[in-house]
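[1] no sequence on this one, just coordinates:
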């Protein structure tokens, strides 16, 4: 091989090395870019999850604030037997009681609903009617002896409990509809008409 050929070979080799290193750079850049995008997506999902819980907390805070303004006695961090992983607030005025169970996630709330139903079933006597809705989001307990009705409604990561004299049960349902916790199969057209009429 003469000097001229060797020079061309050396230049060609240098060009090949240059090409391969320049092609590696964009690939590395693309990998970093993809990794950054994945981090952004993960952060967005985290933010969405947190905002969902924050919105739910805001809704409950607003309801409790309204109840307080209406003269209800409010207790925070109230402890309930067999209910875990929940922030519990009670509101009481006369013969009307509300309890708000706010859980970290939906699964905990569903488990608590099962626990509540089991507890209510074990305490049930011949003077009590207990009903669980097909979708397991509503428990209705009617105490015929004391003429009291208790309603539990599960919505996402929150359970709301209301206890009233049975004569005020329609008002209780209307209140749950207004708050947005009772809807779908549990709400009849008459319930909606009554709520709209009173608003």
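    Great, that's in hand. Computed from a prediction, not measured in an experiment: that's the story for all the values here.
[2] partner residues bridging residue 159?
    Each beta-bridge partner of residue 159 is listed here, defined by DSSP bridges: residue 101, residue 154.
[3] hey, where'd the helices end up in the protein?
    Using DSSP state H, the helices found in the chain span residues 3-69, 106-123, 169-179, 189-198.
[4] Pull out the buried positions in the second one.
    For helix 106-123, a neighbour-count test (16 or more other CB atoms under 10 Å) marks 108-110, 112-113, 116-117, 120 as buried. In short, each C-beta sits where N, CA and C put it, glycine included.
[5] measure the residue lying closest to residue 108 once chain neighbours are set aside to residue 167 for me?
    Nearest residue to residue 108, sequence neighbours excluded (CB to CB, 6 or more residues apart in numbering): residue 85, at 4.6 Å. Going from residue 85 to residue 167 by CB to CB, to the nearest Å gives 35 Å.
[6] Who has more neighbours out of these two?
    residue 85 (15 against 10; other CB atoms under 10 Å).
[7] show me the contacts for residue 143.
    By CB atoms under 8 Å, 6 or more residues apart in numbering, residue 143 lies in contact with 127-128, 149-150.
[8] Just the buried residues of the residues you listed.
    Of the contacts of residue 143, these count as buried by 16+ other CB under 10 Å: 128, 149-150.
[9] Which of those residues sits closest to residue 142?
    residue 149 (5.1 Å; CB to CB).
[10] List the contacts of residue 97.
    By CB under 8 Å, 6+ apart, the contact set of residue 97 is 90-91, 161-164.
[11] same deal with residue 98?
    Per CB under 8 Å, 6+ apart, neighbours of residue 98: 67, 72, 90-92, 160-163.
[12] Could I have the buried ones of these as PyMOL selection syntax?
    Typed into PyMOL, the line below selects the buried ones among these, using 16+ other CB under 10 Å:
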select buried, resi 67+72+90+91+160+161+162+163
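[13] if I read this right, residue 80 contacts residue 90, doesn't it?
    No. The pair residue 80 and residue 90 fails to qualify as a contact (CB atoms under 8 Å) at a distance of 9.1 Å.
[14] Can you pull the residues that touch both of these two?
    With CB under 8 Å, 6+ apart as the test, residue 80 and residue 90 both reach residue 99.
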